[in-house]
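A.B. asks: Need a 3D model of the sequence below.
(chains A and B)
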There are 2 protein chains.
Amino acid sequence: MSIDKVMEGLIKKNNSKIVMVVLDGLGDIPDSDYGNKTPLEYASTPNLDILAKSSVCGRHIPVLPGITPGSGPGHLGIFGYDPIETVIGRGVLETVGLGVELKHGDVAARANFATLDEKGIITDRRAGRIPTEKNRELCEKLKEIKEIDGIEVIIEAGKGHRFVVVFRGQDLNPAINDTDPQHEGLAPLKAEAQKEEAAFTAGIINKFIEKANGLIKDEHPANGILLRGISSRPRIPGFKQKYMLEAAAIAAYPMYRGIADLLGMTLLPAPDSVEGLFETYVEFHNKYDFFFIHVKGTDQAGEDGEFETKVSVIEKVDRALPVLLGKRPNVLAITGDHSSPCALRSHSWHPVPVLINSPFCGADNTTRFTENQCNTGGLGFFESKYLMPLLLANARRLDKYGA
Amino acid sequence: MSIDKVMEGLIKKNNSKIVMVVLDGLGDIPDSDYGNKTPLEYASTPNLDILAKSSVCGRHIPVLPGITPGSGPGHLGIFGYDPIETVIGRGVLETVGLGVELKHGDVAARANFATLDEKGIITDRRAGRIPTEKNRELCEKLKEIKEIDGIEVIIEAGKGHRFVVVFRGQDLNPAINDTDPQHEGLAPLKAEAQKEEAAFTAGIINKFIEKANGLIKDEHPANGILLRGISSRPRIPGFKQKYMLEAAAIAAYPMYRGIADLLGMTLLPAPDSVEGLFETYVEFHNKYDFFFIHVKGTDQAGEDGEFETKVSVIEKVDRALPVLLGKRPNVLAITGDHSSPCALRSHSWHPVPVLINSPFCGADNTTRFTENQCNTGGLGFFESKYLMPLLLANARRLDKYGA
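C.D. replies: You can find the predicted model right below:
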């Protein structure tokens, strides 16, 4: 990736503090029920408005124009990892997100409890979304399977019907299909090696599934398991190696904690309220160079089509902003990892509004932090992977390129 | 580089004249001491204002977002050479900038006169910035060294404490470190080959340094020399080969004359005043297709943090503009090679404002040529390497791509 090549040897340390506040799924589109405004436009944001006036704004494109990113590629982009070249498997993300240590060479899978009928056909891929407590109980049963043909098996319950399985040992390879056929009315698929080197692992996984299904065959509704996102920890440089930054993450959700962990960030406490997240930053301000603060509510509201909820999360961030600004980070970015328009009830391809504030940001004419104003800002439209170089530049952590 | 591949076979000749006026380090950021305006916003520019109204504007990104370019990469970019792929050594730039012919295979170095103490430790890397006259006198002494082991040695004085040394002969290779350790209190480094093929050249250079230091050992304060930026002329296509353009440069400073020379531009007289630069263009208008006119004052003011001086250079360009416009070039671009904000006193990463005027430019709503108005202009934000294709297009020198 050429930006990495260019930055090689230009990165230097100083005492600056960089804060990136990620309102997940922030970007939106105008809604005719709300005066043709977006949530950012509709929200009352006095603190963000003041901040916008001394900031430079723009919009970033998570992958490429028209491409809707998942949470993985979205976050990789804003952290400066080319989301096309850098792929992190979903099994890996879930696993580290649950706080399970994942070593290089391990193979991890996301797993679902499911309901199978007497012929082994899936009647509910999520086993009626069993409660987390039941999930834990079932996982305790599965933990009887400690080892298969010399390969250690590690199981950890997640939320609802979800858990993860980690296989640890020699010669494992994650090139294996999902066993979840993605539709009810079908039987689970066999794990099959997508290349020669994964044949041994596929065998282990099939044996594991058989044993697991045997252990819970008399349960209801969760009497079977499905595996997805079978993957291994990628070998990518973390923030320290890549940017000379001691980085910390203030994020509550497993997925984002997982990504942060893979990139070498220290996971700090993440209270429920936005104010609490910002207070954690204030508390640890002196100990790290870079802070990733993740606010989940905007994405959830977008995915649920809840315009007013999204507005209210934005307003909460606005109200809490003075807590963060009180510590005067040298560089502050406020943005999302992708757009999640309420009208679409899903992630989308729309460019993400971004605001950068620093003494040298070069403030533009933006008077509010909104999609439309960001369209005319001094950052223009840029691929998300350039956000980190821009933050490093504003933090004066990048030397000149060439004489 | 894909733009070169696309343009291959599309470039054609016609009688159009293209003028690129480069106000070095033009881009800036708002200054609170001057009503939160940038120099371009603060300056009184009646002629540029009129021009902006019939022009298309935008901002170009010298290397990639967040990356601050040196003068070399900055100029390579606006001349359409990918600044990541095309690297020109500083020794080469200085040498051609002083008007010394540089052949393929020559090895060139920037050199400093320095002060060494009795133990050979550097006490002043710039020998108290001796006057140019003294420099010339010392270089005359060094010119006694005409040859070392069959390799011709060419010496040329620059300004102050700087000069260049060119080694000419068979089997030379520039893969050699700087002998300048970059800090006082250290001894000069030995020239060392960074690869096998450069061992012979390293030997020549060390013999040269020994002889040179011997010749000036009784001088004060300039009693030693340091070499940097050891490099050879790169094999890159010039403007004629790349664009079918007979190009001329009207630039006073060695660095920019040097780059122009490497790209095959004819070096025209460059008087001190902006008006004088534009008059040179008028005089030679009929003889060339492309004119690079370089105005240094804006960058110098930016690097010195002199807001008002930067404003006054911009106003000088504005006042002189009618001279240039009198000859009605078919395509006129006004821009910089990078930004040099007064607040930063250095080059920066901020996108550079650019204006293109031609009968077919597609004027946008820009009413003044400023950073903020350029943000919303019809060119958008683009990498500097696309400026030349845009100028060729406006000059109707680019055919359609594909049927």
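A.B. asks: now for the longest strand along chain A, which elements pack on it?
C.D. replies: When chain A is parsed with DSSP state E, its longest strand is strand A:107-116. Contacts defined by 3 or more C-beta pairs under 8 Å, 6 or more residues apart in numbering or on different chains; DSSP states H and E place strand A:107-116 against helix A:90-97, strand A:122-124, strand A:162-168, helix A:199-215, strand A:224-231. For every residue, glycine as well, the C-beta is placed using N, CA and C.
A.B. asks: Just the angle for it relative to helix A:199-215, thanks.
C.D. replies: Going by axes from the mean of the first three to the mean of the last three C-alpha atoms, to 10 degrees, strand A:107-116 is angled at 40 degrees with respect to helix A:199-215.
A.B. asks: neighbouring strands for strand A:107-116, and are they parallel or not?
C.D. replies: In the sheet, strand A:107-116 lines up against strand A:122-124 (antiparallel), strand A:162-168 (antiparallel), strand A:224-231 (antiparallel) (DSSP bridges).
A.B. asks: Helices of the stretch 151-300 of chain A, start to end?
C.D. replies: Taking DSSP state H, counting those that start in this stretch as the test, the helices found in the stretch 151-300 of chain A are A:199-215, A:239-243, A:254-262, A:274-284, A:297-304.
A.B. asks: Minimum distance to residue A:124: which of those has it?
C.D. replies: Nearest to residue A:124, of all those, is helix A:199-215, at 15.0 Å by C-beta to C-beta.
A.B. asks: From the rest of the structure, what touches the closest one?
C.D. replies: Contacts of helix A:199-215 from elsewhere in the structure, counted by C-beta atoms under 8 Å, 6 or more residues apart in numbering or on different chains, are A:107, A:109, A:116, A:141-142, A:144-145, A:148-149, A:151, A:153, A:165, A:167, A:171-174, A:176, A:179, A:188, A:190-193, A:223-225, A:227, A:230.
A.B. asks: Name the residues of that helix that come out as buried.
C.D. replies: Neighbour-count burial for helix A:199-215, counted by 16 or more other C-beta atoms under 10 Å in any protein chain shown, picks out A:200-202, A:204-209, A:212-213, A:215.
A.B. asks: quick one: which of these is nearest residue A:120?
C.D. replies: The closest of the buried residues of helix A:199-215, once distances to residue A:120 are taken by C-beta to C-beta, is residue A:213, at 8.7 Å.
A.B. asks: per-residue confidence for that closest one?
C.D. replies: Looking at residue A:213, its pLDDT is 97.
A.B. asks: Also residue A:101?
C.D. replies: For residue A:101, the predicted pLDDT is 86.
A.B. asks: What does it show for phi and psi?
C.D. replies: Note on residue A:101: its backbone torsions stand at phi -70, psi 140 [degrees, to the nearest 10].
A.B. asks: what's the distance between it and residue A:151?
C.D. replies: 16 Å (C-beta to C-beta, to the nearest Å).
A.B. asks: the more surrounded of the two?
C.D. replies: The neighbour count for residue A:101 versus residue A:151, taken as other C-beta atoms under 10 Å in any protein chain shown, is higher for residue A:151 (21 against 12).
A.B. asks: How about the contacts made by the more buried one?
C.D. replies: A:167-169, A:172, A:204.
A.B. asks: what residues does chain A put near chain B?
C.D. replies: Taking C-beta under 8 Å from any C-beta of the partner chain, the part of chain A that reaches chain B is made up of A:2-3, A:5-7, A:10, A:359-365, A:376-382, A:386, A:388-393, A:398-403.
A.B. asks: Please, a ChimeraX command that selects the buried ones among those residues?
C.D. replies: Selection of buried members from the residues of chain A next to chain B for ChimeraX, criterion 16+ other C-beta under 10 Å:
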select /A:3,6,7,10,360,361,362,363,364,365,376,377,378,379,380,382,386,388,389,390,391,392,393,398,400,401,402,403
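A.B. asks: Looking at the residues of chain A next to chain B, which are in helices?
C.D. replies: Counted as lying in helices by DSSP state H, out of these, are A:2-3, A:5-7, A:388-393.
A.B. asks: burial count for residue A:38?
C.D. replies: Neighbours of residue A:38 (other C-beta under 10 Å): 27.
A.B. asks: which non-adjacent residue is nearest it?
C.D. replies: Of all residues not flanking residue A:38 in the chain, residue A:28 sits nearest, at 4.3 Å (C-beta to C-beta, 6 or more residues apart in numbering or on different chains).
A.B. asks: And residue A:346, by the same measure?
C.D. replies: Closest residue to residue A:346 apart from its sequence neighbours, by C-beta to C-beta, 6+ apart: residue A:303 at 6.2 Å.
A.B. asks: which residues touch the one you found?
C.D. replies: So residue A:303 contacts A:25, A:340, A:345-347 (C-beta under 8 Å, 6+ apart).
A.B. asks: Can you check which helix is longest in chain A?
C.D. replies: Max-length helix for chain A by DSSP H is helix A:307-325.
A.B. asks: how far off helix A:274-284 does that helix point, in degrees?
C.D. replies: Going by the same axes, to 10 degrees, helix A:307-325 makes 20 degrees with helix A:274-284.
A.B. asks: So which elements touch helix A:307-325?
C.D. replies: For helix A:307-325, the packing partners by 3+ C-beta pairs under 8 Å, 6+ apart come out as strand A:18-23, helix A:39-42, helix A:46-53, helix A:274-284, strand A:290-295, helix A:297-304, strand A:331-335.
A.B. asks: contact partners of the helix or strand that the last one is followed by?
C.D. replies: To tie it back to what came earlier, the one meant is strand A:331-335. As assigned by DSSP states H and E, the chain's next helix or strand after strand A:331-335 is strand A:352-357. The contact list for strand A:352-357 (C-beta under 8 Å, 6+ apart) reads A:26-27, A:40, A:48, A:51-52, A:54-62, A:331-339, A:366, A:369-371, A:374, A:379, A:384, A:387, A:390-391, A:394.
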